[in-house]
Each structure stands twice: as C-alpha cells, then as structure tokens.
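K.L.:
My questions are about this predicted structure, shown below with the sequence.
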Amino acid sequence: MDVRQLQANFCFVVSVFQSVPGDMVAGGFMNSKCSFYMCSSHVVILGLILVHYLTVFSSHVQASPVNCKSENISSRYQHCVIHPDGVRDLDCFGKHNWYGEKICVWKPGSHTAKKTYTLITRQDRKKSCKIYSNLTEISTKITLYKSSNMTAEVFENIESTNCTKSDFRGSPWRLLRCGPPSNVTFSRRSGSLDVNVNWPEEDVKVIKDYSVRYKALGSQLWNKLSVQSQTGRRCTVKNLNSSLVYVVQVQCVTGDKCSQCPWSDTYTVPSELTTHPVIVTLDERDVAERKGCRLLSLTWKFASQELHDGYYVTVGKASREASYKPISTTQTEITLILSYSAYHLNISAFNNASVSPAVSQTIPQREVVHGMEAGKLNVSVHSNVSFTIYWKDDLIKTYVCYSVEWREKGHEAVSMSFYQDAMNHRTLSPLTKPLKPYKRYSITLHTRPDNDTCNMKHINNSESTYGSTHFYFIEGSPVSAPTNISRYSVTLDSMVLQWSSIPEEDIRGFLLGYTIHYAEYCQRDTCPERNVTVDPKFNSYELGDLKSDTVYQVQISGFTSAGSGVRSTRSIFKTNHQDYFSLSNIITTFAVVASLLIFGCPIIKRAKSILWPSIPDPGKSNTMQKIDRPCEQELLESISIMKVEEWDTNSLHVVEKEAAIPVSVLPSTLPLLHNSEDEEEPPEVTHTWDQRDTNDASGDTTPEIQQTNFQSSPLAFSSGYTTMEMFQHVMPPGTSANKSVAEVTESEPDDVDVTVVKSGFDYVSYKFCTSPVSGSEEISTTA
C-alpha cells in the first residue's frame, strides 16, 4: 500500500468518530492551523485508533479472511448480544479511488481489559461469507463486491459468556466517503463569520461544496438552516452575535463520488474582539553612546483580557519602504530601538477567530537632530528625477547599506535603499516621484549595520540616522510679504518695527533676509527711500536717525538667492513731537529737582569747604598751645583757687589810658581778670571786681572809672575771633598791660572800680604770670 492510500485510510478512520453525534471530539485552531481539543477519554480512544490503524497498514498485520458458511456462523455466535457497554458503532466505508477495498472500524467495549475481535462479512447475492478472526485492533481492511449489498458483524470476546456484538449493513457503491477537512480557519468581523476549509488532496477534485452548521456554546440545538459555500473553500455566516461563543461543524455536500459526508469535529469559535487596545505610555529617549538612535518604550492595556490570545504589534516606516511582519507578543509592553525616521505603529489583540481593531500611533520624524554636525550632508540636484547625495565622513569603512528618505512638507516620505562600498556619494535616479520646483524638501540618510537589513527585513534595531538637510529643485523669490507689521517704543527719532514671518510655502527658496523700505510720507512719493537689511532669524528691528513729529511709510519684503520678493502693504507710522509739558518731561523735571534736593546740600557744603575755609578751631590756636606750658598752667591753677575775700583791696578799677592802650583793645584784655569760678556765666554780662589794697587802712576808695563805647573805636576788630597775634598787633610798642596796671595802682591808691564789658568777639585768649614781690604783689598782664 502506497503512502497516499495510507493517508486516505487514516482520514477515514478519523471520520468514523465524527459521524456519531455526542462522541465528536471538540476542536479549534491557532495561528490559522486547525488544532483538536479533546476530552481525556476521547483522546485515549482516538490515540488507540490511530496507533493500531497505522500499525495495521504499515505492517499489513491483519487476519487473513476465511470463507465460511453463514448458517453455521450464525448458530455459533448466538450467545453474543448487543450491549451499550460492549463493542459498538461498527462502520464500513471506502474511497472513490479504492476500487472494491473498504475498511471497517468499531469502538471497543468496556467489560475487560484484554479484548479480541472477530469480523464476519456477507454478501448474499454473491454467496460470499468471510470471517476475520483473532483481531486485536479496532479496524481492519475488507474486500467487497461492488454490486451486492453487504452485512458485517463484529464480535468481542466470543469465548466469554459476556460476548457482545455490533452489526452494519450497506451497499458498497454507497460506502464512498469524503472528508473530513484537513484544516479549517475562522475569521469574525462585524457580526459575520468567515469559514475557510481545506480538504484532503484525494477529495479536493470530488468535493464541490460544503455546509456549515453552528450553535451558541452551551446550546443543545443546532441552527436549523445550514449555510452552503459558494466556492467550495470559503463560506460566510452572517447575523451572529459578536459577544457570543459559537460551536461550528463542517460537512461536504454528497455526490456520485461522495456518497457519505459526515459532519466534522466541532470547532469552538471565540467571541469577536470589538474593542481596541489603549496606549498607556509612550516614552522616547536617546540611546546612550549611539548617535542617531532612540529608544522607544510602549505600554498598553486591553479591556477583554480573557478573550484574547495575544497581541500583534506592527511597526513600519512612514515612507512605506517595505512591509514588515507583525511582532506577536503576549505582553502589554514592548521596547524598540529605532532611527530618527517617521514610523507608523499599530497594536491589536487577537484570538483564533478575530483580530481587534488596531490602535494606531504615529512616531514623528525628529526634525532637530541633536548632537549632529551641520553640513554633514549635501545634495546636488540634476533634474526633477535625479540628484546626488554626498556625506562627509568615510562611512564605507563601517557601513555598506544605506537608506535615503526625502519628503515635501505635509506629504509622505519617499525612500530608496542601496548598497555602497566604494564612494561617499550616491546618485539616485530615476526617482519614483518627480521633484517639484519651488518646494522645500527634507532629506535624511540612514545607515544599516548588517547586510541582511539592506532590504529592512527587521525593523527593530536595524538602522541609525546619520544626518539630514534641506534642498530645492528650483528656487524662486517669495510670492508673499511679511504681515502684521506694527511698531512700538516710538521716540522722537526712533521706533521698533515688528512683523510676522513669510509662510514657508510662499518663500520658494532659502530665505536670506528681510529688506525694510522706509521714507518720509509724501503725497506723490517724491521723498527718497532708504533700505535696511535684516537677518532672517529676526522679526523685529529698530529704525533710528528719524525726524521728530514726522510721518514715515514702511514696507517690508523678503529675499532669496533668486531675488527680492513681494513688498508688504504700505504702513504709516509717525514719530513723537517735542512736548515740553509732556509726561516724560514732567517726570524728568521732577527727577532733577528731587536729585538737587537730596544731593544739593552736601554738594554745596563740600564746595564751600573747598572754596571758603572754615573758622579755625580755638582749641588748636597758638594761644591754647602756649597755655599748655608749665608757667601758664601754674598761674591758672593759682587763680582758680583764689577767693575774692583774700584780696587786700576792696576793688580793682582798670582805667583806660588813651596814650598807652587803645580803647578797642580793652574789652579783649579785661576778661583776664575773670575768675575761673565765673566761667559758666553767660556771655555779654558785665563783671565788676573791687580790688582793695592791703596796705590801705583808711578804707578810702578810688574813684570808679566806667569804660564804655568800646565798639566806637576805630581800631575795633572786624571779625568775631581774636588771636594772640592780632592782639599783639594792636598793642603799642613798648607798652604792656603790666605797666599800665602798675601805673594806675601807684597813681591811684584808692579803690578802683573796674567795670568790664565783654566784647562781641567769640573769645579772647589771655595769659597771666605772677612773680612774688616783697611787701606787695605785682600783677602783670601780657597780651
């Protein structure tokens, strides 16, 4: 028996158990492949069937049939009965290409562990009776005549009193069986179920159609209306409840060569996945020590955890360079290492019958390439379908696979991968899409480390970005002008202009700068115009050197290498006029006055001290320094302890001698007689001392002489401060106060009443010195 025949026989053995409702083995599929899910008892039975059946056909171990007489056989096995726990479900069938050969299979009983079987076949019209004895397997191959009906009986343990049997009747030409399917897949969407069936190779040509029946899981009744396929392979069941789990069976449609079409095993179809996963986090960061790569960490969640088997994660480049197989995972997170290119990412849940709607996420291209040098890429455009890209570094020592992506803003990128190991440039021609004039294109070069990634079979950790730049096929001048021109910070001779940039699609080239056209406003545009060029990075500029209270007209335009563009609408601005009572002037005046009040006095005092010296400190005068000598200090000490009652005379009268002492000097000399005890008396007080002579016993008093009108003297001092030097200057030569006082004393022995009027000067410095005189006391006054 050849291999094909063996395979067919195997399929028929399995189909025997499919034809008996209640004993069918449940089944399903995973990853588009049919998988059987069986209860433990059925697994054991089917395993035994398969093992024994393969053994029979592989080694041809079967009992040779022995002709028999039906009368004798029937009487011999009369003690064997049909019992539910005995041998049962005898079935005989064949294939359309077996030519008289059939196979009979049965199910063993449960009485004893060791069983032997006897199979008897009869065809009455041909008077054929054959017996197959001592069978230990649950199947055997038989030969029948095609034109005669047949009867078969199988006996279990014929020697035992518990012998059981099972019988079968049929016509050989009606024993042609087709199926079961070799593979069944299901797909659910929008309340419908698609069934795809693959049949065994020997049945493909004879099976034209098939039917599907279904029921909800747990239900006892099948759907009354079975659905029939239209193509023999595909069938659609509609109007299903998406949330229910269904049980499905498949059966071929009978025909001349398929007289038997049993129902297949039951397939469990899970409920439809109608919700999509939800992305929880999407984090992006650079890969350490790897330029041009980024680490993408993605996590998501799915509400129906019990209904799905896993997730499909599809990551593809936005340039659609290649189609990639989805990544299958059972986790709710994934980490990818990607280049700076743009990517489309889809995540969907799946089970063995449906795929949930996908959640989509676009990972944008990183426009600003951090850490990458400018000028690493250059582009030379030859035509609208050809250009050459140059790169700076000697990459061919490390990489041989490259990918170039270019795109117009707002459009999908176009890519082209190539192999390069000779030069640091590559000419790409022809392009899949022609380049447009006046449109800016961004272009990026990616490097791929492995040869097998040249065609990008794997998306994860397969490339890194080298650099990017921009280029134009043809440049033009701007077709629009800056807008929203305004001014602020207006002064008498300046103003700051501000404007909005020209839209990129209207620049039509690389913007080299702005030109400000301004002039004094004239009715007939006869005033000369001035122009100022501004760097394209700035959107404001301060116009200076303007006239106050003057109206100016301003226009702004941009320019590229192709020339200057359209000017903006004329804007009219006016500088401020000179206003003496303006708020700014008032504030300035107030600030100046406040500054003068705060800082004026110290400044004036400082100037006075520099230009006009201040009055000297008396404590630092020469007179005070002379007083510090021992003689003067001794005199002052003696005067300070002298009391009035110790004087011999009653009073001392100082009489001005016009020839000796000028009148104006006297007021400055008399205070020398002031006792130290009277120093605290207020100024301008007239003091009178009575000096009595100790030798005058008669008590005669010298006539009192009054000194008045000191200030009327022509020699009165002009300042309020008198120094010793000034005092000596007004004293006549050779005249001393000592002498004058002595003369008065000698000539006028009587009491002298001295009235002293304090001068209007600030102070007068005096010096007394006494020396002992025998029998008398001499008072000497030195100025």
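P.N.:
Thanks, I have it. Residues are numbered from 1 along each chain as shown.

K.L.:
how about the strands in the stretch 201-350 of the chain?
P.N.:
210-216, 227-228, 234-237, 246-252, 266-269, 278-286, 294-301, 310-317, 327-329, 333-338, 343-350 (DSSP state E, counting those that start in this stretch).

K.L.:
should've said the stretch 501-650 of the chain
P.N.:
Counting by DSSP E, counting those that start in this stretch, the strands of the stretch 501-650 of the chain are 513-520, 530-534, 540-543, 551-560, 563-564, 571-574.

K.L.:
Could you dump those into CSV and include mean pLDDT?
P.N.:
Below are the strands of the stretch 501-650 of the chain laid out as CSV (pLDDT from 0 to 100):
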stretch, mean pLDDT
strand 513-520, 95
strand 530-534, 95
strand 540-543, 95
strand 551-560, 95
strand 563-564, 94
strand 571-574, 93
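
K.L.:
Which among those is found nearest to Ile598?
P.N.:
Ile598 lies closest, by C-beta to C-beta, to one member of the strands of the stretch 501-650 of the chain: strand 540-543, at 33.8 Å. Placement of C-beta: from N, CA and C, glycine included.

K.L.:
Within the sheet, what are the partner strands of that closest one, with directions?
P.N.:
Partner strands for strand 540-543, per DSSP bridges, with pairing direction: strand 495-500 (antiparallel).

K.L.:
Give the buried residues for the strand it pairs with.
P.N.:
Neighbour counts over strand 495-500 (16 or more other C-beta atoms under 10 Å) mark Met495, Leu497, Trp499 as buried.

K.L.:
and Leu445, which of the strands of the stretch 201-350 of the chain is closest to it?
P.N.:
strand 310-317 (14.1 Å).

K.L.:
Restricting to C-alpha, output that closest one in PDB.
P.N.:
C-alpha atoms of strand 310-317 as PDB (Å, rounded to 0.1, in the frame of the first residue of the first chain):
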ATOM      1  CA  GLY A 310      -2.000  37.800  22.400                       C
ATOM      2  CA  TYR A 311      -1.200  41.000  20.600                       C
ATOM      3  CA  TYR A 312       0.100  41.900  17.100                       C
ATOM      4  CA  VAL A 313       2.500  44.900  17.100                       C
ATOM      5  CA  THR A 314       3.200  46.200  13.600                       C
ATOM      6  CA  VAL A 315       5.900  48.900  13.200                       C
ATOM      7  CA  GLY A 316       6.600  50.300   9.700                       C
ATOM      8  CA  LYS A 317       8.400  53.300   8.300                       C
END
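
K.L.:
Pull out the buried positions in it.
P.N.:
Buried residues in strand 310-317, counted by 16+ other C-beta under 10 Å: Tyr311, Tyr312, Val313, Thr314, Val315, Gly316, Lys317.

K.L.:
Likewise for stretch 179-197?
P.N.:
Buried residues in stretch 179-197 (16+ other C-beta under 10 Å): Gly179, Pro180, Pro181, Val184, Thr185, Phe186, Ser187, Arg188, Leu193, Val195, Asn196, Val197.

K.L.:
quick check, nearest of these to Thr136?
P.N.:
Pro180 (26.4 Å).

K.L.:
what about the closest one, distance to Ser360?
P.N.:
Pro180 sits at a distance of 40 Å from Ser360 (criterion: C-beta to C-beta, to the nearest Å).

K.L.:
cool, Lys215 as well?
P.N.:
Counting by C-beta to C-beta - Lys215 and Ser360 are separated by 36 Å.

K.L.:
out of these two, which sits in the more crowded spot?
P.N.:
A count of neighbours by other C-beta atoms under 10 Å puts Lys215 above the other of Lys215 and Ser360, at 16 against 13.

K.L.:
circling back to that earlier point, put together a markdown table for the buried residues of stretch 179-197, with secondary structure on each row.
P.N.:
Output for the buried residues of stretch 179-197, formatted as a markdown table (DSSP: H, G, I helix; E, B strand; the rest coil):
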| residue | secondary structure |
| --- | --- |
| Gly179 | coil |
| Pro180 | coil |
| Pro181 | coil |
| Val184 | strand |
| Thr185 | strand |
| Phe186 | strand |
| Ser187 | strand |
| Arg188 | strand |
| Leu193 | strand |
| Val195 | strand |
| Asn196 | strand |
| Val197 | strand |
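
K.L.:
Need those in CSV (columns: pLDDT and distance to Ser211).
P.N.:
Listed next are those as CSV, based on pLDDT from 0 to 100; distance: C-beta to C-beta, whole Å:
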residue, pLDDT, distance to Ser211
Gly179, 83, 11
Pro180, 87, 13
Pro181, 90, 12
Val184, 92, 13
Thr185, 92, 17
Phe186, 92, 15
Ser187, 91, 18
Arg188, 91, 19
Leu193, 91, 14
Val195, 91, 10
Asn196, 91, 15
Val197, 91, 11
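
K.L.:
State the pair within those residues that is farthest apart.
P.N.:
Spatial extent of the buried residues of stretch 179-197 (C-beta to C-beta) is set by the pair Gly179 and Arg188 at 23.7 Å.

K.L.:
ok, so of the buried residues of stretch 179-197, who is nearest Val355?
P.N.:
The shortest approach to Val355 among the buried residues of stretch 179-197 belongs to Ser187, at 8.2 Å (C-beta to C-beta).

K.L.:
Thought Ala353 was touching that closest one, still the case?
P.N.:
Yes: shown here, Ser187 and Ala353 form a contact pair, counting by C-beta atoms under 8 Å, at 6.5 Å.

K.L.:
list the residues that contact both of those two?
P.N.:
Here Ser187 and Ala353 have Leu193 as joint contacts, going by C-beta atoms under 8 Å, 6 or more residues apart in numbering.

K.L.:
follow-up on the earlier one: do you know which of the strands of the stretch 201-350 of the chain lies nearest Ser462?
P.N.:
Of those, nearest to Ser462 by C-beta to C-beta is strand 333-338, at 8.4 Å.
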